[in-house]
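1. Pasted the sequence and its predicted model underneath.
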Amino acid sequence: MKKIWLFGRIFLSLLLSLFFITGFVLYFSYFFTEKIYIDNVKKNIYSQFETIKTFININNQDVFSLPIWQVKQLDKVGMFTNIEKSNFPIKTIFTKQQDVVFFQTYYNGYNIIIWKKLIDLGQIRYYYFQTWIKILFFVFIISILISYFLTKFVLSPFDNIILFLKNYNLWDKKTLQNNYKWTDIWFLIDNINNFINQINKTYLQKQELVEQISHQLKTPLMQIQSSLDLIELNIKDQQDLEKIEQIRQIIENMSKTIAQLNFIQQENYNLKKEEISLYELINSIFLDLSSLIKRKNLKIDIKWDKKVFENKELLHTLFENLILNAILYNKENWKIEVFLNENKVVIKDTWKGIKNTEKVFEKFYRESDLENGTWLGLSIVKKIIENLWWEIEIKSKVGEGTEVLIKFD
């Protein structure tokens, strides 16, 4: 849209400018051509007047007429004369009226009138009109070509910037090439590169922080797990054993959070792809989560099947997070439906619903009435969807349920 807007402005500016310049040149060219033409006609009329004077001086008679050859010559050039003997002299006039050059005067007892119709002037005008139309056509074409190349030249740096930023990945650590020294574009790209360097620096610091946190948490969790194993061997009381199991569950949740943080930390997945039956994959996830399903007495309905060529580990993580949410936030004795169509997967649950579907993909976001969890599942889902170049959409009504729609090619 911006290209069309800029192209239109350049095109109109050029078109109007060239129209004005060519119109100005053609107008004055015609003006001088007409002036020269009329001046030549006047010279011819004056020359004819001198010829008539000569004949009058030679043939001083009451009735005067030009020789036949002279009349024919005048007719040939479109010039006419009227010579009459008169005692009442007429006023001398030499003028152009519309498309006629008119001359009258009195000489030696004769009223002399000479005029010429400017027939050739009409042809000159027609020629200039045709020329003007042709020039305007070429001006139009030239304006389009110049506007196109000017638009391309002006927007080329911005197209490169947009393309770079569109395909920019933090892990590439690339910056924009800047070949526009000491121009506004140069300063723009320089500022963008400085901004990218700051982002890269922050990104690296974030990576290091997550890695350090993960490392610092894993070691004590393993030590606690080992200590619990030893303690459990010497405990017989059922209540104490239940408390130990609760601690184990907390450790498991923390370990899962660390694993999810590390998963989100990855920026590029170069994983092996294979043909996968989505029905078999999703069904296996439901089987793995069968204890949760039985606890809520949920009915599972998977319709149809679809095979895709992707990485099984990524898809398993993707659908496991979505299905786990559908189980955790579903009502007892209700159901979960999965539809596997030609180019989409739909997962529907029935119960709580989501109040703010726009924020659910943010890290650590959870709604106040939802159960405890790591609150990273949908962030992982979004990351996998983007890596697969798929699309995801969540539709939800509070108190009715949630529908997750995944589209793929």
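-> Structure's in. What do you need? Residues are numbered from 1 along each chain as shown.
2. Please identify which helix or strand holds the closest residue to I52 other than its chain neighbours.
-> Distances taken as C-beta to C-beta, 6 or more residues apart in numbering put I112 closest to I52, at 6.0 Å, once the chain neighbours are dropped. Placement of C-beta: from N, CA and C, glycine included. Using DSSP states H and E, the element containing I112 is strand 110-117.
3. Show me what the mean pLDDT comes to for the helix or strand that comes right after that strand.
-> Once the chain leaves strand 110-117, the next helix or strand it forms, by DSSP H and E, is helix 119-166. Mean pLDDT, computed over helix 119-166, is 79.
4. do the same with stretch 339-357
-> The average pLDDT for stretch 339-357 rounds to 80.
5. Using PDB, write down the CA coordinates of it.
-> Extracted in PDB, the C-alpha atoms of stretch 339-357 (Å, rounded to 0.1, in the frame of the first residue of the first chain):
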ATOM      1  CA  PHE A 339     -11.700 -33.500  15.200                       C
ATOM      2  CA  LEU A 340      -8.900 -34.300  12.700                       C
ATOM      3  CA  ASN A 341      -9.900 -32.700   9.400                       C
ATOM      4  CA  GLU A 342      -8.000 -32.200   6.200                       C
ATOM      5  CA  ASN A 343      -6.000 -29.200   7.300                       C
ATOM      6  CA  LYS A 344      -6.900 -28.600  10.900                       C
ATOM      7  CA  VAL A 345      -7.200 -30.100  14.300                       C
ATOM      8  CA  VAL A 346     -10.000 -29.000  16.700                       C
ATOM      9  CA  ILE A 347      -9.800 -29.800  20.500                       C
ATOM     10  CA  LYS A 348     -13.000 -28.900  22.500                       C
ATOM     11  CA  ASP A 349     -13.600 -29.100  26.200                       C
ATOM     12  CA  THR A 350     -16.600 -28.200  28.200                       C
ATOM     13  CA  TRP A 351     -16.600 -26.200  31.400                       C
ATOM     14  CA  LYS A 352     -14.700 -23.200  32.700                       C
ATOM     15  CA  GLY A 353     -13.600 -21.400  29.600                       C
ATOM     16  CA  ILE A 354     -11.000 -18.600  29.300                       C
ATOM     17  CA  LYS A 355     -11.800 -14.900  30.100                       C
ATOM     18  CA  ASN A 356      -8.800 -13.400  28.200                       C
ATOM     19  CA  THR A 357      -7.800 -15.500  25.200                       C
END
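6. Buried residues of that stretch, list them for me.
-> For stretch 339-357, the neighbour count (16 or more other C-beta atoms under 10 Å) marks 339-340, 345-354 as buried.
7. Reformat those into a markdown table and put secondary structure and distance to I93 next to each item.
-> Listed next are these as a markdown table, based on DSSP: H, G, I helix; E, B strand; the rest coil; distance: C-beta to C-beta, whole Å:
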| residue | secondary structure | distance to I93 |
| --- | --- | --- |
| F339 | strand | 100 |
| L340 | strand | 101 |
| V345 | strand | 98 |
| V346 | strand | 97 |
| I347 | strand | 101 |
| K348 | strand | 101 |
| D349 | strand | 105 |
| T350 | coil | 106 |
| W351 | strand | 107 |
| K352 | coil | 105 |
| G353 | coil | 100 |
| I354 | coil | 98 |
